[in-house]
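Colleague: Here you go, sequence then predicted model.
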Amino acid sequence: MVSERFSILWLQAGGCGGCAVAGLGAEGGGLAAVLKRFGAEFLWHPSLSTLSGAPVIALLEACALGHTRVDLLCVEGAVLTGPKGSGRFQILSGTRRPMAEWVTAIAAQAGAVVAVGSCAAFGGVAAALGAETGAVGLQFRDGDLGGLLGADFRARNGLPVINLAGCAPHPGWLAESLSALALGDPPPLDEFGRPRAIANHLAHHGCGRNEFYEFKASAMRSSDRGCLMENLGCKATQAPGDCNLRRWNGSGSCTDGGFACIACTVPGFQNAPAPFQRTPKIAGIPVGLPLDMPKAWFVALAALSKSATPKRVRTNALADHVVLPPARGPVKPT
Amino acid sequence: MTGTIRRIAGPFSRVEGDLEITLDITDGHVAQARVTATLYRGFESLLTGRAPMDGLVLVPRICGICSAAQSAAAARALAHLTGVQAPPNGRLAAEIVLACETLADHLTHFALFFMPDFAHPTYRGRAWFETVAARFGDSSGGSSARLLAARTRLLDLMGLFAGKWPHTLALQPGGTTKAIDAAERMRALSLLAECREVMEAVLYGGPIGAIGEIASRSTLDSWTGGDFGLFLTLARDLNLDALGRGPAAFLSQDAGTCVIDGQSVPFDPAGVREDLASSWYHGETEPDADKAGAYSWCKAPRLNGRAMEVGALARAITSGDPLALDLVAGRGGTVRDRVVARLIEAARLLDRIGAAIRALTPGEPFCIEPHLPADGEAHGLVEAARGTLGHWIRVENGVIRRWQVIAPTTWNFSPRDATGQPGPLEQALAGTPAIGDDGTPIAVQHVVRSFDPCMACTVH
């Protein structure tokens, strides 16, 4: 099969399918429609392709042998290497071969390789402590280079695996990164293989709770309007992502939805040492402080801003709706 | 005796994960089928030892398609463990989130997973073929694209109520974390109205209200509008009303009843057992890829020993819906029945979501903080898009000791149990035409997809 179009093969390894269905919701008519506009098409996609059975196996064999050109291999889900290194926890249906073998064989022929989501990138939830499946990412196991393909793997375009981390990743991250590859403009990457265009921001940037953060007016209970960092486990000041700048599913985001950022773009996020919805503290001070801020400064500023918190902010932080609206001049004590 | 050929069908696209089926074919028909889930991820093991509330983070990630339903079942189990009761706003918001997911899934199933099979070259020459091919042959055009756009509006509602989809933490034991204000309530109604416009224009070719009122087979057969009418036309032409007949045993936790061989009986969760005879496990969930006689990572849930079908059709039958009862007439459901039940439910869901949004009272509480006991046992059951979903949990010394999940497709796509009773899909495939030398016959694909399988949930 010879095609002038940029050809994408999408495989589902040990994942939940959430990355694929997130992609269906990409603005502009869904991932397939967006990519079509950039001259790209799916050779096969598990949720979109009509083809099933023997013709799919024939296609995959042709891809693995290099007879059918794969410009981009997308893998969703962790690769399961167990039990005992056999990969039999995931056999690609109808083929008797472990998915791990298919991914290795086709990656060796692919122009570019993208790990879609944190499972494919780093192992993710599938690689949580206690998992017995030998789940690994394509080129990382949590934060350690290696993974299925090894530290030295490079696709035909010379790049390592591109990690579209996130659980699930934002549909826009998929649409833009894959479109850029189709245009021949591979995205610059950070040390974990994540596109810098996304990872240069923090999930905190643009958070609607910003005023509460500034004054350290903190939520105590789920659904409180206050900042979620001090008590409710929010890691947005440490998590790469433009989540609150571009927003999710129209107007949403995790923090706008009233719950903590769990840093799902960070390798190993699934094994957080403390419960996800509680902030670990030592002597009353949160352990996880903003990425690049000296701790003493943070503590001093927090103390200062707490002492200067307007009553409106302090009150609304502990309510699920605006109790005291902004008003001209100082708000009189009630 | 004529010869029997064995074929391995798979991989299947559009089934949300990995599915393989071993078909024994005699005289051009499936004599027996063995359904294999070929992926094991081990969620039940990795939940053990975690803080109970961490279940709310991990459990939705069992499935990216039924993610909110997994959240809802976990939240319900934890609510039962703590005894907390969500305030009215929290109950309504959780209901909206779950119903939006179900409706979005029904649209995805019809437009992207099910209908494209009728644009298969096998059907070239049929009177409806060109229409189907134009509307559903390419996901980026025709009806598929328009219904996908309606689905995106439902996901925007998720953005409002749950922050994002899939994988939200908004559903908590004591309600929801997002308190909707008056402006957001109106935005939600507006998004829903946009979705309704598309569904009426494209999917039904008529008013939503009229769909919900279809109460008999004859009224159904007179519906010609939209893609629903197109489906009914091709279903009659291909006799989909006789294809893929499942067991005459339906279960829905919402109705609280089962219908077995035409008789209604109360549903008692205590009668649910998972049989492992054909599953690659020992004990409760100890994986063994070499287990003799086993052929699937899916377990075989049974209710008092019976394989049960779950899903929109089961919900309609157990709640006494006259159309559904007329269609199955005391027997098992078929390809047509499952698809019709889903599309009728979709129309009713739209109204239910609207009513729930209207009933919200901005300013009143959405969430109550629960107090977790150090020890306890509970279960949470919900109706996900694909049917009854249950979580059974036990907490000891403040950590999870047991978290067992039975997902809808675990019921529907279960393997044989110790008595040799096949699972619902295995029963439904018996007798299906298997013509041609393609190992994955198109009629087999219709039957498989009529269940709207979610293989990611099936084995977790």
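Modeller: Cool, got the structure.
Colleague: hey, let's count contacts and neighbours off CA atoms from now on
Modeller: Noted.
Colleague: Domain map for chain A?
Modeller: Domain assignment of chain A by automatic domain parsing yields the ranges A:6-199, A:202-320.
Colleague: measure the last one end to end?
Modeller: The reference is to domain A:202-320. 25 Å (Cα to Cα, to the nearest Å).
Colleague: Distance from it to the middle of the chain?
Modeller: 18 Å (Cα atoms, centre = their mean, to the nearest Å).
Colleague: what do you get for stretch B:301-313?
Modeller: 13 Å.
Colleague: That one: end-to-end distance?
Modeller: End-to-end distance of stretch B:301-313 (Cα to Cα): 19 Å.
Colleague: can you check stretch A:150-170 too?
Modeller: End to end - Cα to Cα - stretch A:150-170 spans 27 Å.
Colleague: With stretch A:4-19 instead?
Modeller: For stretch A:4-19, the end-to-end distance is 27 Å (Cα to Cα).
Colleague: Wondering if it reaches chain B at all.
Modeller: Yes. Residues of stretch A:4-19 contacting chain B under Cα under 8 Å from any Cα of the partner chain: A:12, A:14, A:15, A:16, A:17, A:18, A:19.
Colleague: For that stretch, buried residues please.
Modeller: A:6-19 (16 or more other Cα atoms under 10 Å in any protein chain shown).
Colleague: Take these and write them to a markdown table, including pLDDT, secondary structure and distance to residue B:118.
Modeller: A markdown table is the format used below for those (pLDDT from 0 to 100; DSSP: H, G, I helix; E, B strand; the rest coil; distance: Cα to Cα, whole Å):
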| residue | pLDDT | secondary structure | distance to residue B:118 |
| --- | --- | --- | --- |
| A:6 | 98 | strand | 28 |
| A:7 | 98 | strand | 25 |
| A:8 | 98 | strand | 25 |
| A:9 | 98 | strand | 24 |
| A:10 | 98 | strand | 23 |
| A:11 | 98 | strand | 24 |
| A:12 | 97 | strand | 25 |
| A:13 | 97 | coil | 28 |
| A:14 | 96 | strand | 30 |
| A:15 | 96 | coil | 29 |
| A:16 | 96 | coil | 27 |
| A:17 | 96 | coil | 24 |
| A:18 | 97 | helix | 26 |
| A:19 | 97 | helix | 27 |
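Colleague: List the residues that contact the residue of chain B found nearest chain A.
Modeller: Nearest to chain A, among the residues of chain B, is residue B:64, at 3.4 Å (Cα to the nearest Cα). Applying Cα atoms under 8 Å, 6 or more residues apart in numbering or on different chains, one finds that residue B:64 lies in contact with A:16, A:17, A:18, A:19, A:21, B:166, B:167, B:456.
Colleague: Return the residues of the stretch 201-334 of chain A in contact with chain B.
Modeller: Going by Cα under 8 Å from any Cα, the residues of the stretch 201-334 of chain A near chain B are A:221-224, A:248-260, A:275-277, A:320-321.
Colleague: re earlier: switch the contacts of residue B:64 over to CSV; also include distance to residue A:239.
Modeller: Below are those laid out as CSV (distance: Cα to Cα, whole Å):
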residue, distance to residue A:239
A:16, 22
A:17, 23
A:18, 20
A:19, 19
A:21, 23
B:166, 19
B:167, 17
B:456, 27
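Colleague: For the stretch 201-350 of chain B, which segments are assigned as strands?
Modeller: B:249-252, B:257-260, B:263-266, B:272-275, B:281-282, B:286-287, B:300-303 (DSSP state E, counting those that start in this stretch).
Colleague: Comparing those strands, which comes out most buried?
Modeller: strand B:249-252 (a mean of 27; mean count of other Cα atoms under 10 Å in any protein chain shown).
Colleague: Can you list the neighbours in contact with it?
Modeller: B:257-261, B:267, B:306-311, B:314-315, B:317-318, B:332, B:383, B:387-388.
Colleague: same thing but 10 Å
Modeller: Residues from elsewhere that reach strand B:249-252 (Cα atoms under 10 Å, 6 or more residues apart in numbering or on different chains): B:257-267, B:303, B:306-319, B:330-333, B:381-383, B:387-389, B:411, B:424.
Colleague: Where does the stretch 101-250 of chain A get nearest to chain B, which residue?
Modeller: residue A:223 (4.1 Å).
Colleague: pretty sure residue B:63 is touching residue B:70, no?
Modeller: Yes. Using Cα atoms under 10 Å, residue B:63 is in contact with residue B:70, at 7.6 Å.
Colleague: What subset of the contacts of strand B:249-252 is buried?
Modeller: Counted by 16+ other Cα under 10 Å, the contacts of strand B:249-252 give B:257-260, B:262, B:264, B:267, B:303, B:306-319, B:330-333, B:381-383, B:387-389, B:411, B:424 as buried.
Colleague: can you tell me which residues contact the residue of chain A found nearest chain B?
Modeller: Per Cα to the nearest Cα, residue A:18 is where chain A lies closest to chain B, at 3.4 Å. Residue A:18 is in contact with A:24, A:76-77, A:117, A:167-169, B:16, B:60-67, B:165-167, B:456, counting by Cα under 10 Å, 6+ apart.
Colleague: Give me the distance between the two termini of stretch A:272-285.
Modeller: 18 Å.
Colleague: Could I get the buried residue list for it?
Modeller: A:275, A:276, A:277, A:278, A:279, A:280.
Colleague: again, but for stretch B:170-182
Modeller: Quick answer for stretch B:170-182 (16+ other Cα under 10 Å): B:170, B:171, B:172, B:173, B:174, B:175, B:176, B:177, B:178, B:179, B:180, B:181.
Colleague: For chain A, tell me which of the residues you listed show up nearby.
Modeller: When Cα under 10 Å from any Cα of the partner chain is applied, the members of the buried residues of stretch B:170-182 adjacent to chain A are B:170, B:171, B:172, B:174, B:175, B:176, B:177, B:178, B:179, B:180, B:181.
Colleague: Let me see the contact set for the fourth one.
Modeller: Counting by Cα under 10 Å, 6+ apart, residue B:174 touches A:222, B:75-76, B:78-79, B:82-87, B:90-91, B:366-371.
Colleague: quick one: low-confidence ranges for the stretch 201-334 of chain A?
Modeller: Scanning the stretch 201-334 of chain A for pLDDT under 70 picks out A:291, A:329-334.
Colleague: so what pLDDT did residue 100 get?
Modeller: I'll assume chain A. pLDDT recorded at residue A:100 is 98.
Colleague: try again with chain B
Modeller: In this model, residue B:100 carries a pLDDT of 98.
Colleague: Give the full set of residues in contact with it.
Modeller: Here residue B:100 is in contact with B:68, B:94, B:106, B:151, B:153-158, B:192, B:346, B:349-350, B:352-353, B:385 (criterion: Cα under 10 Å, 6+ apart).
Colleague: among those residues, which are in helices?
Modeller: If you go by DSSP state H, these have B:68, B:94, B:106, B:151, B:153-158, B:192, B:346, B:349-350, B:352-353 in helices.
Colleague: which of the contacts of residue B:100 come close to chain A?
Modeller: Among these, chain A is touched by B:151, B:153, B:154, B:155, B:156, B:157, B:158 when using Cα under 10 Å from any Cα.
Colleague: Neighbour-wise, give me the winner out of these.
Modeller: Neighbour counts for the ones next to chain A among the contacts of residue B:100 (other Cα atoms under 10 Å in any protein chain shown) peak at residue B:157, which has 30 neighbours.
Colleague: Sitting in helices, which of the buried ones among the contacts of strand B:249-252 do you find?
Modeller: Those of the buried ones among the contacts of strand B:249-252 lying in helices (DSSP H): B:312, B:313, B:314, B:315, B:316, B:317, B:318, B:411, B:424.
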